[in-house]
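**Q** Fold the following, please.
(chains A, B, C and D)
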There are 2 protein chains.
Amino acid sequence: MDKGLIAGSTTMLVLKLLEGKDMYGYQMINELSKKSDRTFNLKAGTLYPILHGLEINEMVISYDENADGARVRKYYHLTHKGKKLLADKQREWDAYSQAVHKILNGGASYAAI
Amino acid sequence: MDKGLIAGSTTMLVLKLLEGKDMYGYQMINELSKKSDRTFNLKAGTLYPILHGLEINEMVISYDENADGARVRKYYHLTHKGKKLLADKQREWDAYSQAVHKILNGGASYAAI
DNA sequence: TGACATATATAGATGTCCGATATACCTCCT
DNA sequence: AGGAGGTATATCGGACATCTATATATGTCA
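**A** Prediction:
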């Protein structure tokens, strides 16, 4: 997978994961890989700075939790502001991917997905 | 349109345009905008370096031509090597966009991950 | 005790794209 | 003739996203 294609959509995917449930960083990396059939292999060096940025901008809030004797994990929770950002990013993605589809299929008509 | 989303796919779109016919840079900018319903507004400062890079790597070849009294334009032609690159990039794009679709719609359509 | 997976964090390097700027030609209008 | 505006190519500097590499520390299993 060309890493360039990932650009710009990583934040959206992270927000989408948190829409379902609160998660911690390491877990997001694994679930993203799993849910995408190993297409996305997000690196820790990419994810953590993104999470910190989202927290600073109040898109997510974090809290520590240690599940049954396990080590402390930092969970992230999507805020209302974060949900709005996710909705915006999804709209952008739809417009973008649809435009790419038009170019690749020569403006031919296609059935809506 | 968030510029971040464009990342990585610009080269593919340029190659796709050249698959249909030989074109010159300025023309590509306008056709890309037109074919995408103004979603893509490729800048000259982005396109020309890409074209030069593609030519160095023998994905395209260029030739000058002046159409009926008009000024000289630099046309680009897709090579066999370039067609193979385009095919690769399209396969990558398909895998990538399908994976994003799974993340965005996965929770609703299929269970048991 | 050592190896390995888990878990978070940051600095440095790389690549992509855009804004700004430069040059020059062509056409239209006055 | 002169100026404005669209056409056409080109390059540099900066902004931004991502990866690699590295660091640290804990939990589990052999």
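**Q** mind listing what's buried in stretch A:55-65?
**A** A:Glu55, A:Met59, A:Val60, A:Ser62 (16 or more other Cβ atoms under 10 Å in any protein chain shown). C-beta here means a position set from N, CA and C on the backbone, and glycine is covered the same way.
**Q** Strands of chain A, residue ranges please.
**A** A:23-24, A:60-65, A:73-78 (DSSP state E).
**Q** For the second one, name the packing helices and strands.
**A** Identification of packing neighbours for strand A:60-65 by 3 or more Cβ pairs under 8 Å, 6 or more residues apart in numbering or on different chains; DSSP states H and E yields helix A:44-56, strand A:73-78.
**Q** And for the last one?
**A** Packing partners of strand A:73-78 (3+ Cβ pairs under 8 Å, 6+ apart): helix A:10-20, strand A:23-24, helix A:25-35, helix A:44-56, strand A:60-65.
**Q** In chain A, which residue is most central in space?
**A** A:Leu13 (1.6 Å; Cα atoms, centre = their mean).
**Q** Just give the number of residues close to the closest residue to that one other than its chain neighbours.
**A** Excluding the flanking residues, the one nearest A:Leu13 by Cβ to Cβ, 6 or more residues apart in numbering or on different chains is B:Ile103, at 5.4 Å. Residues near B:Ile103, counting by other Cβ atoms under 10 Å in any protein chain shown, number 20.
**Q** Run through the residues that contact B:Ile103.
**A** A:Leu13, A:Lys16, A:Leu17, A:Leu32, A:Lys35, A:Ser36, A:Phe40 (Cβ atoms under 8 Å, 6 or more residues apart in numbering or on different chains).
**Q** Would you mind measuring from the fifth one to DNA strand D?
**A** The one in question is A:Lys35. 16 Å (Cβ to the nearest atom of the strand, to the nearest Å).
**Q** do the third one as well
**A** Separation of A:Leu17 from DNA strand D (Cβ to the nearest atom of the strand) stands at 14 Å.
**Q** Report pLDDT for the residue nearest to that residue when sequence neighbours are not counted.
**A** Excluding its sequence neighbours, the residue lying closest to A:Leu17 (Cβ to Cβ, 6+ apart) is A:Met28, at 5.3 Å. Each residue has a pLDDT score; the one for A:Met28 is 97.
**Q** Burial check on the closest residue to A:Glu19 other than its chain neighbours, number of neighbours?
**A** Spatial nearest neighbour of A:Glu19, excluding adjacent residues (Cβ to Cβ, 6+ apart): A:Leu78 at 5.9 Å. Look at A:Leu78: counted by other Cβ under 10 Å, it has 23 neighbours.
**Q** For A:Leu78, list each beta-bridge partner.
**A** The partner list for A:Leu78 in beta bridges (DSSP bridges) reads A:Val60.
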